[in-house]
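Engineer: give me the fold of what follows.
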Amino acid sequence: MRLGITGHRGLSAEVERTVRDALDAELRKYDPTELIGVSCLADGPDTWFAEAVLDSGGRIEVVVPAEQYREGLPGSHHAAYDELLARAAEVHHTGMGESTSQAHMTGSEILVGLVDRLVAVWDGQPARGYGGTADVVDYARRTGVPVDVVWPEGATRD
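Structural biologist: Numbers count the residues shown, from 1 in each chain. Prediction:
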């Protein structure tokens, strides 16, 4: 089973705990020996998902949206990004250089094309910018990829 991830960044520590629990529960539905998680490794749900897949015994593949993608992530996230990227069974590139909204959406489109299902840590609201979680969910649905929404009851985002 190939599962992809998309989700909101910048979630509070309280929401992070409940989302991590929900992701663990989602992954328990699958045989870890046959599980491949696909992520762009942004800070937040992308990384929590990749860590959970590896912790469960699965493998990860990474989509790198742009050559400059890592530089656009928070500095505090670089070590986790580097570690997970090094553990990837396969790395996919968009071929884009600058880390723009278009590059992020292109990366997400590649991710959706690689998976059987998409897990979305999504509050159900429209994207706040092009390539946001809602855009990725919409793209997956339009291309026939099933989406499992993970959003803890009562959770909010900033």
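
Engineer: which parts of this structure are strands?
Structural biologist: 2-7, 36-39, 59-64, 90-93, 117-121, 147-149 (DSSP state E).

Engineer: buried ones in the helix or strand of the chain with the lowest mean pLDDT?
Structural biologist: When each helix and strand of the chain is scored by mean pLDDT, DSSP states H and E, helix 13-27 comes last, with a mean of 94. In terms of neighbour count (16 or more other C-beta atoms under 10 Å), helix 13-27 has its buried residues at 15, 18-20, 22-23, 26-27. Placement of C-beta: from N, CA and C, glycine included.

Engineer: now do stretch 49-62
Structural biologist: Neighbour counts over stretch 49-62 (16+ other C-beta under 10 Å) mark 49-54, 56, 58-62 as buried.

Engineer: quick one: contacts of that stretch?
Structural biologist: 3, 5, 7, 20, 23-24, 27-28, 30, 32-33, 35-41, 84-85, 87-92, 114, 119 (C-beta atoms under 8 Å, 6 or more residues apart in numbering).

Engineer: just the buried ones from the residues you listed, in PyMOL syntax?
Structural biologist: Buried members of the contacts of stretch 49-62, defined by 16+ other C-beta under 10 Å, are picked up in PyMOL with:
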select buried, resi 3+5+7+20+23+27+30+35+36+37+38+39+40+41+84+85+88+92+114+119
